[in-house]
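Chemist: Could you look at this predicted model? Sequence included:
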Amino acid sequence: MLGVREWNIKCGKELYVVESKRDKWRAKCYSRNPKCNNNFRSDPPCNWYVYAVKKKNDNMWQITRWVDSHNCYGTVVGNNNRSLKSRDIATRIVHNMREDISYPIKQIRAFIKDQFHVDISYSKAWRARKEAIERIYGSWESNFRELPQYIAALQAANPGTVVEWLHAPARSSECHTFTYVFWVFGPSIKTFLHCMPVISVDGTYLKGSYRGKMLIAVTKNANKYVVPIAFAIVDEETVESWTWFFTQLWVHIAVHRGKKLCVISDRHKGIINALKNLQVWSENSVHQFCLRHIRSNLMQKFKVSRLKKLCWIIGIG
């Protein structure tokens with residue numbers, strides 16, 4: 001009933017829904033809402049009213065009763081309007097979001113102010129932006145459900161791409177819950193043969209509803225450009241997850257080099273444990289710690305600015 005709400009907004013009025021069912025919908029002036037502040041109630045009560053039913057044949061809504069105007073002073077306070085829902089704003093801005101996914105909240109509020117002459121809160125604009133993104137790209141839940149299809153599409157579009165899943169024990173054979181997933185693109189496997197025998201690994205947080213982690217391995221080519229070579233999604237950075245990641249990294253990538261590798265990382269216990277206890281890595285790699293992480297840890301402890309430069313000079317010297 002977006003049209004009804006927009007009509008009320010243009011009139012500077014608000015409505016509240018009395019009944020909302022699958023086949024009928026009723027609304028009255030917000031001044032008739034029992035929760036409305038008594039200071040805004042009109043005397044006599046506002047007569048505005050709308051009743052709509054859903055037609056069975058064409059699945060469209062038909063307004064069967066409509067009182068054409070409000071006879072109240074209104075309930076709008078501070079140029080805000082409760083009839084303007086975040087889902088209505090999402091409908092208005094979805095085109096803008098398609099053009100620019102980083103469409104900022106400030107511009108959304110300015111756009112709605114220009115269109116409806118209504119001020120909306122930051123939180124309402126944020127919810128509208130979130131819903132518009134979900135309409136375009138899907139929700140967190142739908143994206144995770146589609147992850148297997150997405151990974152399969154990556155394999156189809158990139159010949160030679162390797163994907164490994166580690167599934168959690170499932171009660172039903174029809175539902176497999178994954179714990180870890182690892183993938184490396186086919187071109188990356190071939191590219192690594194011509195890159196420096198150096199691998200840098202790290203983990204990063206996944207933002208959103210699912211607080212997982214992404215593990216990444218990169219290297220450098222002859223022009224000293226960073227080349228991503230392997231990825232994994234895990235629940236947490238643990239000894240188990242890093243051990244599984246390094247196992248897949250060796251089987252599908254590192255084993256093809258045929259020479260000793262250098263692995264650079266921070267001092268995460270999971271990485272140290274995996275490289276120490278996995279025989280193929282302990283025998284065929286040298287583990288070094290990232291100087292940037294060491295410098296960052298040093299500065300957190302001592303907080304002396306001149307040590308930052310000295311640490312870097314010592315490290316690269």
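Modeler: Perfect, I can see it now. Just so it is clear, the structure is predicted and the values come from calculations on it, not from any experiment.

Chemist: Quick check: phi and psi on the residue nearest to residue 124 when sequence neighbours are not counted?
Modeler: The spatially closest residue to residue 124, leaving aside those adjacent along the chain, is residue 86, at 5.2 Å (Cβ to Cβ, 6 or more residues apart in numbering). No exception for glycine: its C-beta is placed from N, CA and C like everyone else's. With angles defined as degrees, to the nearest 10, residue 86 sits at phi -60, psi -30.

Chemist: pLDDT at residue 86, what is it?
Modeler: Residue 86 carries a pLDDT value of 93.

Chemist: With residue 159 instead?
Modeler: pLDDT, read off for residue 159, is 90.

Chemist: and the nearest residue to residue 270 once chain neighbours are set aside, how many neighbours?
Modeler: Take residue 270 and drop its neighbours on the chain: the residue closest to it by Cβ to Cβ, 6+ apart is residue 242, 3.6 Å away. If you count neighbours by other Cβ atoms under 10 Å, residue 242 ends up with 25.

Chemist: List the buried residues in the helix or strand where residue 242 lies.
Modeler: For residue 242, the element it lies in under DSSP states H and E is helix 239-252. Across helix 239-252, burial judged by 16 or more other Cβ atoms under 10 Å covers 240, 241, 242, 243, 244, 245, 246, 247, 248, 249, 250, 252.

Chemist: and it, how far from the chain's centre?
Modeler: Here the centre of helix 239-252 is set off from its chain's centre by 26 Å, with Cα atoms, centre = their mean, to the nearest Å.

Chemist: and what of stretch 214-234?
Modeler: For stretch 214-234 - counting by Cα atoms, centre = their mean - the centre lies 22 Å from the chain centre.

Chemist: quick one on the thing from earlier: mind giving me the packing neighbours of the helix holding residue 242?
Modeler: strand 162-168, strand 177-184, strand 213-220, strand 226-234, helix 269-277, helix 279-284 (3 or more Cβ pairs under 8 Å, 6 or more residues apart in numbering; DSSP states H and E).

Chemist: Which strands and helices lie in contact with the fourth one?
Modeler: Meaning strand 226-234. Here strand 226-234 touches strand 177-184, helix 186-192, strand 213-220, helix 239-252, going by 3+ Cβ pairs under 8 Å, 6+ apart.

Chemist: if you set the cut-off to 10 Å instead, what comes out?
Modeler: strand 162-168, strand 177-184, helix 186-192, strand 198-205, strand 213-220, helix 239-252 (3 or more Cβ pairs under 10 Å, 6 or more residues apart in numbering; DSSP states H and E).

Chemist: about what we covered before: now the helix holding residue 242 - C-alpha only, CSV.
Modeler: C-alpha atoms of helix 239-252 as CSV (Å, rounded to 0.1, in the frame of the first residue of the first chain):
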residue,chain,number,x,y,z
VAL,A,239,45.1,-24.6,15.1
GLU,A,240,42.6,-26.9,13.3
SER,A,241,41.6,-24.4,10.7
TRP,A,242,45.1,-23.3,9.9
THR,A,243,46.3,-26.9,9.8
TRP,A,244,43.6,-27.8,7.3
PHE,A,245,44.3,-24.7,5.2
PHE,A,246,48.1,-25.5,5.0
THR,A,247,47.3,-29.1,4.1
GLN,A,248,45.2,-28.0,1.1
LEU,A,249,47.8,-25.3,0.2
TRP,A,250,50.5,-27.9,0.0
VAL,A,251,48.5,-30.5,-1.9
HIS,A,252,47.2,-28.2,-4.5
